[in-house]
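*Asks:* fold the following, please.
(2 chains)
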Amino acid sequence: DGGITQSPKYLFRKEGQNVTLSCEQNLNHDAMYWYRQDPGQGLRLIYYSQIVNDFQKGDIAEGYSVSREKKESFPLTVTSAQKNPTAFYLCASSMGRQVDEQFFGPGTRLTVL
Amino acid sequence: SQQGEEDPQALSIQEGENATMNCSYKTSINNLQWYRQNSGRGLVHLILIRSNEREKHSGRLRVTLDTSKKSSSLLITASRAADTASYFCAGYMEYGNKLVFGAGTILRVKS
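*Replies:* Next comes the predicted model:
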């Protein structure tokens, strides 16, 4: 049963804490992406990775970090440097070409208390 | 912002009616895709229209692309209550490798 999973579904963080969001895919996709979605808005790209051990900053990378040590996994860390981290975070994967659809996980809703 | 603009922001129709959503960008976009998002969920890919195509159909979906106007439209025919969702367009900037999403249209289909 192929797909992309994210955990946890809901996450609460105190100000000043780092938190890590998990993203795993078993679709054998080369490319993986992290997006942030704020209420009533579209998706904004945080980081993306087109191959293992390589990743690039997206449009809003400040305050976030990622790693891509395995093809299946692309965890996102929201650091204390991110001033407004409360949002819905979506992970996606694809074969990496422009004509390939992106498959999305169910998302993680992060709330800073 | 490179984000695409979608029009209307929200649309409310009766079941059985057609729904049309429009998307435009300030720069040229390649390989435009449409996605659907149910409330609080991940996005699901609906259809891709390549830069050299003008129209594409998939079931009750019809997508058009006008590269001169840097715009696309999504038509859902004979809408159903289950079509209630947010719809997003997304395309690649020329020579880019990042999908740029529009702000989305919230569609509500009343039964």
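*Asks:* spell out which parts of chain B neighbour chain A.
*Replies:* Proximity of chain B to chain A, by C-beta under 8 Å from any C-beta of the partner chain, involves residues B:2-4, B:6, B:30-31, B:33, B:40-45, B:48, B:50, B:88, B:90, B:92, B:97-99, B:101-104. All C-beta atoms are positioned from the backbone trio N, CA, C, and that covers glycine.
*Asks:* what do you get if the cut-off is 7 Å, keeping everything else the same?
*Replies:* B:3, B:30-31, B:33, B:41-43, B:45, B:48, B:50, B:88, B:92, B:98-99, B:101-104 (C-beta under 7 Å from any C-beta of the partner chain).
*Asks:* can you say which of those residues are buried?
*Replies:* B:3, B:30-31, B:33, B:41-43, B:45, B:48, B:88, B:92, B:98-99, B:101-104 (16 or more other C-beta atoms under 10 Å in any protein chain shown).
*Asks:* tell me which helix or strand of chain B sits lowest on mean pLDDT?
*Replies:* strand B:5-7 (a mean of 89; mean pLDDT, DSSP states H and E).
*Asks:* run through the neighbouring helices and strands of that one.
*Replies:* strand B:19-24 (3 or more C-beta pairs under 7 Å, 6 or more residues apart in numbering or on different chains; DSSP states H and E).
*Asks:* looking at the buried ones among the residues of chain B next to chain A, which are in strands?
*Replies:* Members of those lying in strands (criterion: DSSP state E): B:N30, B:N31, B:Q33, B:L43, B:H45, B:L48, B:F88, B:Y92, B:L99, B:F101.
*Asks:* determine which two of the residues you listed are furthest apart.
*Replies:* B:N30 and B:L43 (19.2 Å; C-beta to C-beta).
*Asks:* quick one: strands adjacent to the least confident helix or strand of chain B?
*Replies:* Using DSSP bridges, the strands paired with strand B:5-7 are strand B:19-24 (antiparallel).
*Asks:* who touches the strand it pairs with?
*Replies:* B:4-7, B:11, B:13, B:70-76, B:79, B:87, B:89, B:102, B:105, B:107 (C-beta atoms under 7 Å, 6 or more residues apart in numbering or on different chains).
*Asks:* can I have the buried ones of these as a ChimeraX selection?
*Replies:* In ChimeraX, this line selects whichever of the contacts of strand B:19-24 come out buried by 16+ other C-beta under 10 Å:
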select /B:4,5,6,11,13,70,71,72,73,74,76,79,87,89,102,105,107
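*Asks:* how about residue 60, phi and psi?
*Replies:* Using chain A. phi -140, psi 50 (degrees, to the nearest 10).
*Asks:* oops, I was thinking of chain B
*Replies:* Per degrees, to the nearest 10, the backbone of B:R60 is at phi -90, psi 10.
*Asks:* try A:P75
*Replies:* Backbone torsions of A:P75, given as degrees, to the nearest 10, read phi -70, psi 150.
*Asks:* low-confidence stretches in chain A?
*Replies:* Residues of chain A that meet the criterion pLDDT under 70 lie in A:1-2.
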